[in-house]
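Undergrad: Here you go, sequence then predicted model.
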Amino acid sequence: MLETSAILKASRAQVNHAFAQRLQKLLATCHAYLPSVDEDMIQRAFELSFWAHRNDRRASGDLYFTHPLAVAEIVAKLIRIDDISVAAALLHDVVEDTELSLSLLRDEFGDEMTMLIDGMTKIRGVYSNRALSQAENVRKLILSMAHDIRVMLVKFADRLHNMRTIASLPRAKQLRVATETQTLFAPLAHRFGLQMIKNELEDLSLRVLERDAYESILRDLKASRQERDAYIASFIGPLKKRLEEMGFAFDIYGRSKNVNSIFQKMNAQNKPLTEIYDLFAIRIVIKRTGRRGKEDCWRVYSIITDLYKPLPERFRDFISVPKSNGYQSLHTTVLGADGRRIEVQIRTQEMHEIAERGVAAHWKYKEGVQKADASMDQFLTWVHDLMENPQQEKATDFVKDFSLNLYTDEIYVFTPRGDLKTLPHRATPVDFAFQIHTDVGYQCIGAKVNGKMVPLSYRLRSGDQVEIITSKKKTPNPDWMKFVVTQKARSRIRYWINEERRTATRYGREIWEKKAARAKLKVSDALLGRYAAKFKYASPTQMFYEIASGLFDVNNLVRLIRTGKTQEPDTEQEETGTGSEQYDSFREHAQTSGQDTLVINGERIAGVAVDYAPCCNPIPGDPVFGYISKTGTLKIHRTVCRNAPNLLVNHGERIQPCDWSRQKDVRFIVGLRIVGEDRVGIVHDLTTVISRNLKTNIRSITVETEDGVFEGTIVLDVSDLSHLKRLIMRLKRIDAIHGVYRFEQ
Ligand code: MN
């Protein structure tokens, strides 16, 4: 029987000087940032954890205890909730990994902390358990935060430390963890408003997934550092003087963007670092609080725009209309010397706290009890809204929609009565309708924006006033799935489609049963399954559905049962088509030219069948990984492939790290989508640039124009990523071309 008093004694004897000092430092950090600190509790948690993990090592060879200790330090320093969370962070891995039991911890620390540790233990699978699908893991994560938000906050600290120390893991595991961090934890941290943690998680993931790009950006930033600092200083100088003269209490400083956001910008605009405009950014934090502080923000804004010319289209007022994660600030972009753009953020100290720590900043003490304030309640409502989903929904669909809604920028639109609604960027009138009420969504037949009729696929903009026209007889259109962006709209439409399908299937079965009764046939369900298979249906349900929709003639089934034949001798079965030709040509290409172009772990592969995944069509230069398929073929995917998260997270054991060799004479197929204004000669200009100037072979080109908008699809051969980038850059320079995009799929 373990006795805590004995453990604490044993532990105290073993803690060396260095660790004892770190405990003192941790306590000092707690005192600096937390409202109250139970030193004795933290010390006991420290000692129990040290003792429990005394024989464990991390992948790096370090003592395992360094991990929970580092997580506790992050909780105290970056998240700053309360002392219980710090203690829980110290003990977050003991129940799963050591002989200490939950009941022992309960006796020692009481219910509240035990509940946190238990919560941490339950969501550990997200990091370590491959048997559980990612979808299930996400559900567990969300459930845990609905229970107590602190579980999730400590989890972020845990993930942050694991990402900081990811270098000691094998490459395949690095890819898996980094992808999961990039697709799930960073967006979630953003939704929680944990800006600093989100930025660091993104950069750490990028360092794994796009190592070269990450390092090159870092190098360039370092090289231009002095010049940038000098520029910012000359910009801030006069402004600071003026604000001091006016008697404001404030902080002003240049701030650097995270590497990931620069990387995303370079990619989106297809530009080198030197041409990215908004590298320069400063922040002004007003020290006055409350309403006075808010007024100061506006006065400071007015002073800045007296000194520097603002770009009106870049102005954002998140003070009057905060983002849904609680973020408040004024944003403006002004022109500095040499016409360079400088992004300026103005906010009060309180707003700053929330901007950096989000939900955690709302965690307050009230009469000795920890209690959430109003903003926290709002956040919890968001969490509960997420959970309120039609039950039949598949976990994977849920997760896909959920992640779709995490990151996006927001727009603000109005109902006809002037009520404000927040929607994600690219939301449509259908999303708006479902936001109002599920029935409004189901019955919507049209929409007016600012008084004019628009298509239901119209992308709303901030400030739009939206009116939904409904009809009681109308039902949802499955095609809406192609353009809606909110999770609510997606899940409700999908639910409706499934319901429809069930009704149709029942109806199809009735048709069959009537027919069978008339023909005096008695067929068991098992036998029906076998007959359905003869017609290539996965199940009788599928066959019934097609009977109801008129796609399959029930007489064929009767004939099969009577004669054993699936069709009349003379009728040709209709050609069903084998998928797009493009897809086939990709496959064919991959098989013929696939060999010899990759190295695995630095070695050429011999005798391994390599196949390029048609979902993302990697070309040399793309960061890639290999996935060993069930047939033993090595499938190469881009790390940004939409299937990557699933493969890396759920099938880590099949992942094989890969790199490109320097071979140049192989051509790869790539598809581009080109959007612009329709004008005479545009196709000629495109093909000239491609085939003459860049000597690139065009495989196919299709063009569609509508209402003066030009949309072209071009499939061509390129040798590698730099060839493709050059090509995209040249195409973008053609007059009236607005965008050139590489196909994801
Ligand atoms: Mn951990």
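TA: Done, it's in. Being a predicted model, the structure only gives us computed values, none of them experimental. Residues are numbered from 1 along each chain as shown.

Undergrad: So in this structure, where's the weakest helix or strand by average pLDDT?
TA: The helix or strand of the chain with the lowest confidence, counting by mean pLDDT, DSSP states H and E, is helix 581-593 at a mean of 35.

Undergrad: Return the residues in contact with the residue in the stretch 301-450 of the chain that the ion sits nearest to.
TA: The ion sits closest to A360 of the stretch 301-450 of the chain, with a gap of 18.6 Å, by CB to the ion. The C-beta positions use only the backbone N, C-alpha and C, and glycine is treated the same way. For A360, the contact set (CB atoms under 8 Å, 6 or more residues apart in numbering) comprises 79-81, 153, 192, 194.

Undergrad: got the phi/psi numbers for S60?
TA: Main-chain torsions, S60, degrees, to the nearest 10: phi -80, psi -10.

Undergrad: what do you get for A59?
TA: Given degrees, to the nearest 10, the pair of backbone angles that A59 has is phi -60, psi -30.

Undergrad: Could you give the number of residues near it?
TA: Per other CB atoms under 10 Å, the neighbour tally for A59 reads 12.

Undergrad: E467 reaches K452, doesn't it?
TA: No: using CB atoms under 8 Å, E467 is not in contact with K452; the gap is 10.1 Å.

Undergrad: neighbour count winner among these two?
TA: Between E467 and K452, E467 has the larger neighbour count (other CB under 10 Å), namely 17 against 8.

Undergrad: that's a helix at that one, yeah?
TA: No: applying DSSP: H, G, I helix; E, B strand; the rest coil, one finds E467 to be strand, outside a helix.

Undergrad: where's it relative to G418, distance?
TA: 12 Å (CB to CB, to the nearest Å).

Undergrad: How about E295?
TA: Taking CB to CB, one finds E295 at 25 Å from G418.

Undergrad: of those two, who's got more company?
TA: Shown here are E295 and G418; by other CB under 10 Å, E295 has more neighbours (13 against 7).

Undergrad: and that one, what does it touch?
TA: So E295 contacts nothing (CB under 8 Å, 6+ apart).

Undergrad: With the one 4 residues further on instead?
TA: R299 makes contact with 246, 248, according to CB under 8 Å, 6+ apart.

Undergrad: could you redo the last one with a cut-off of 10 Å?
TA: 243, 246, 248, 286, 346 (CB atoms under 10 Å, 6 or more residues apart in numbering).

Undergrad: go on, D735?
TA: Listed by CB under 10 Å, 6+ apart, the contact partners of D735 are 676-677, 679, 681-682, 685.

Undergrad: Separate out the buried members of the residues you listed.
TA: When the contacts of D735 are checked for burial by 16 or more other CB atoms under 10 Å, the buried set is 676, 682, 685.

Undergrad: Among these, which ones lie close to the ion?
TA: Of the residues in the buried ones among the contacts of D735, proximity to the ion by CB under 5 Å from the ion holds for none.

Undergrad: Next, check those residues against the strands and list the overlap.
TA: G676 (DSSP state E).

Undergrad: Quick one: name the residues of the stretch 251-400 of the chain near the ion.
TA: Residues of the stretch 251-400 of the chain lying near the ion by CB under 5 Å from the ion: none.

Undergrad: any chance you could map the strands in the stretch 251-400 of the chain?
TA: Ranges of strands within the stretch 251-400 of the chain are 281-286, 309-310, 316-317, 330-335, 341-348, 363-366, 369-372, based on DSSP state E, counting those that start in this stretch.

Undergrad: Mean neighbour count added to those, as JSON lines?
TA: Output for the strands of the stretch 251-400 of the chain, formatted as JSON lines (neighbours: other CB atoms under 10 Å):
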{"stretch": "strand 281-286", "mean neighbour count": "22"}
{"stretch": "strand 309-310", "mean neighbour count": "14"}
{"stretch": "strand 316-317", "mean neighbour count": "14"}
{"stretch": "strand 330-335", "mean neighbour count": "19"}
{"stretch": "strand 341-348", "mean neighbour count": "22"}
{"stretch": "strand 363-366", "mean neighbour count": "14"}
{"stretch": "strand 369-372", "mean neighbour count": "12"}
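
Undergrad: Among these, show the one with the smallest mean pLDDT.
TA: For the strands of the stretch 251-400 of the chain, mean pLDDT drops lowest on strand 369-372, to a mean of 44.

Undergrad: where's the residue in the stretch 551-700 of the chain positioned nearest to the ion relative to E202, distance?
TA: Nearest to the ion, among the residues of the stretch 551-700 of the chain, is V649, at 17.3 Å (CB to the ion). V649 sits at a distance of 17 Å from E202 (criterion: CB to CB).

Undergrad: G739 too?
TA: 24 Å.

Undergrad: neighbour count winner among these two?
TA: E202 (24 against 13).

Undergrad: Could you find the closest non-adjacent residue to that one?
TA: The shortest distance from E202 to any non-neighbouring residue, by CB to CB, 6 or more residues apart in numbering, is to N260 (3.8 Å).

Undergrad: residues in contact with that neighbour?
TA: Residues near N260 by CB under 10 Å, 6+ apart: 182, 186, 198-207, 210, 214, 217.

Undergrad: got it, and R54?
TA: Contact analysis of R54 by CB under 10 Å, 6+ apart lists 10-11, 14-15, 63-65, 98.

Undergrad: element containing the closest residue to the ion within the stretch 201-350 of the chain, please.
TA: Residue nearest to the ion within the stretch 201-350 of the chain (CB to the ion): L201, separated by 14.9 Å. With secondary structure defined by DSSP states H and E, L201 is part of helix 195-209.

Undergrad: Next up, phi/psi of R642, please.
TA: Torsion angles at R642 (phi, psi; degrees, to the nearest 10) stand at phi -70, psi -20.

Undergrad: burial count for it?
TA: Neighbours around R642, by other CB under 10 Å: 14.

Undergrad: repeat for Q21
TA: 10.

Undergrad: Name the helix or strand for it, please.
TA: helix 17-33.

Undergrad: Whichever residue of the chain sits closest to the ion: neighbour count?
TA: Residue of the chain nearest the ion, by CB to the ion: D158 (4.3 Å). Per other CB under 10 Å, the neighbour tally for D158 reads 25.

Undergrad: Surely it and M120 touch.
TA: Yes: contact criterion CB atoms under 10 Å: D158 and M120 qualify, at 7.4 Å.

Undergrad: which stretches of the stretch 51-200 of the chain form helices?
TA: With DSSP state H, counting those that start in this stretch as the criterion, the stretch 51-200 of the chain has helices at 66-74, 83-90, 94-97, 102-109, 111-122, 125-128, 134-147, 149-164, 171-180, 186-191, 195-209.

Undergrad: Would you reformat the ones you listed as CSV and include distance to R642 and mean pLDDT?
TA: Listed next are these as CSV, based on distance: least, CB to CB, whole Å; pLDDT from 0 to 100:
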stretch, distance to R642, mean pLDDT
helix 66-74, 31, 97
helix 83-90, 34, 95
helix 94-97, 32, 87
helix 102-109, 39, 92
helix 111-122, 29, 87
helix 125-128, 20, 49
helix 134-147, 14, 64
helix 149-164, 22, 92
helix 171-180, 11, 86
helix 186-191, 15, 83
helix 195-209, 14, 93
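
Undergrad: hey, which of those helices is tucked in deepest?
TA: Highest mean neighbour count of the helices of the stretch 51-200 of the chain: helix 83-90, a mean of 28 (counted as mean count of other CB atoms under 10 Å).

Undergrad: quick revisit: grab the nearest non-local neighbour of the residue of the stretch 201-350 of the chain closest to the ion.
TA: L201's closest residue in space is A186 (CB to CB, 6+ apart), at 4.3 Å.

Undergrad: residues touching the closest residue to D251 other than its chain neighbours, list them.
TA: Among residues not flanking D251 along the chain, V285 sits closest, at 4.5 Å (CB to CB, 6+ apart). The contact partners of V285, by CB under 10 Å, 6+ apart, come to 249-253, 293, 297, 329, 345-353, 355.

Undergrad: Sweet, I'm off.
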